[in-house]
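*Asks:* My questions concern the predicted model and sequence given below.
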Amino acid sequence: MTPIPIAIHGAAGRMGQRLVALATEDAELRVAGAVDRAGCPELGRDAGTLAGVKPLGVNVADKLDGTAKVVIDFTTPAATRVVLEACVKNGAALVIGTTCLTPDDHKFIDAAAKKIAVLQAPNMSLGVNLLFALAAQVAKQLGDDYDIEIVESHHRFKKDAPSGTALGIAQAICDATGKDIVKDVVHGRHGDDTTRKRGEIGMHALRVGDVVGDHTVTFGAPGERLELSHYASTRDVFARGALRAAKWLAGKKPGRYQMKDVLGL
Ligand code: NAD
């Protein structure tokens, strides 16, 4: 089988380098492009050497060329918009791992997805995407007699809170139960009158040490508690999930896809 040519957008970043490194170990993929921002000190360097693997003969460039069939983006929301336009121009599919996307960014992605295949996921780990489905199923079956609390832990440097993944769990539960992520989610509790209301979803963020990403959803009623937990110990799970998504997306017709499509959920 001819390997699928892919390009990594954000190739000099933490995720970008792991994507390049892991893709070189995958016989079904070929790194055909590596792109980072104009002014990035790593421009011109061999992407493989930069990622700590063998030289690939692909230098980090500041623009995408048309050689990749699938592009994988782990950058910033502004850069994601730029690469979306380039992918539409080149007819390439796009896997978006970049987080903190606004509703406007999502509209931009929807418009591009009319022309190319786009898969966007705030967490590319296969385990986390199964957790989304399991949490939704449990919430639906237990109903509002069971309280739902989501607790996430991340390293001390993480800027946003709660994590995109914790919000993804809340959204999956809301989609399954008809709840509203704005009205029904309570972020943290503090003060004299914080008694839990029936049906609310509690959301809590811990920032400690070097935690890669832990998420637990607790369902509780008088007499019992059920917990679903996922622990990521290496960022490679996100890169491996993105590479699996890229293989799945290659050749798909235009549209907006999710990791649950990759997993067949
Ligand atoms: P990072 O800062 O290490 O890397 C980002 C890279 O993007 C940098 O090399 C930067 O120079 C580059 N970049 C910025 N602007 C650019 C532009 N205009 N054009 C091209 N490249 C540009 O960050 P990271 O830890 O690799 O994370 C990147 C993104 O991926 C973040 O949004 C993060 O939250 C997200 N992320 C998502 C998942 C997931 O599973 N979906 C997992 C981990 C990280």
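*Replies:* The structure has been received and is ready for your questions.

*Asks:* got the contact list for the worst-scoring helix or strand of the chain on mean pLDDT?
*Replies:* Taking mean pLDDT, DSSP states H and E as the measure, the helix or strand of the chain with the lowest value is helix 259-263, at a mean of 93. Taking contacts as C-beta atoms under 8 Å, 6 or more residues apart in numbering, the residues outside helix 259-263 that touch it are 119, 121, 123-124, 126, 129-130, 132-133, 241, 244-245, 248. No exception for glycine: its C-beta is placed from N, CA and C like everyone else's.

*Asks:* Over to stretch 233-249?
*Replies:* Here stretch 233-249 makes contact (C-beta under 8 Å, 6+ apart) with 4, 6, 14-15, 18-19, 22-23, 26, 28-29, 70, 72, 74, 93, 95, 97, 117, 119, 121, 123-127, 129, 212, 232, 257, 259, 261-262.

*Asks:* So which of those belong to strands?
*Replies:* For those, membership in strands holds for 4, 6, 29, 70, 72, 93, 95, 117, 119, 232, 257, with DSSP state E as the criterion.

*Asks:* now the third one, nearest residue through space, not along the chain?
*Replies:* Going back to what we said before, that points to residue 29. residue 23 (4.7 Å; C-beta to C-beta, 6 or more residues apart in numbering).

*Asks:* and residue 54, what does it touch?
*Replies:* Applying C-beta under 8 Å, 6+ apart to residue 54 gives the contacts 24, 48.

*Asks:* Check what pLDDT it gets.
*Replies:* At residue 54, the pLDDT value in this model is 96.

*Asks:* Quick check: phi and psi at it.
*Replies:* Listed backbone geometry of residue 54 is phi -70, psi 150, with angles given as degrees, to the nearest 10.

*Asks:* what's the spacing between it and residue 78?
*Replies:* Distance, residue 54 to residue 78, using C-beta to C-beta, to the nearest Å: 32 Å.
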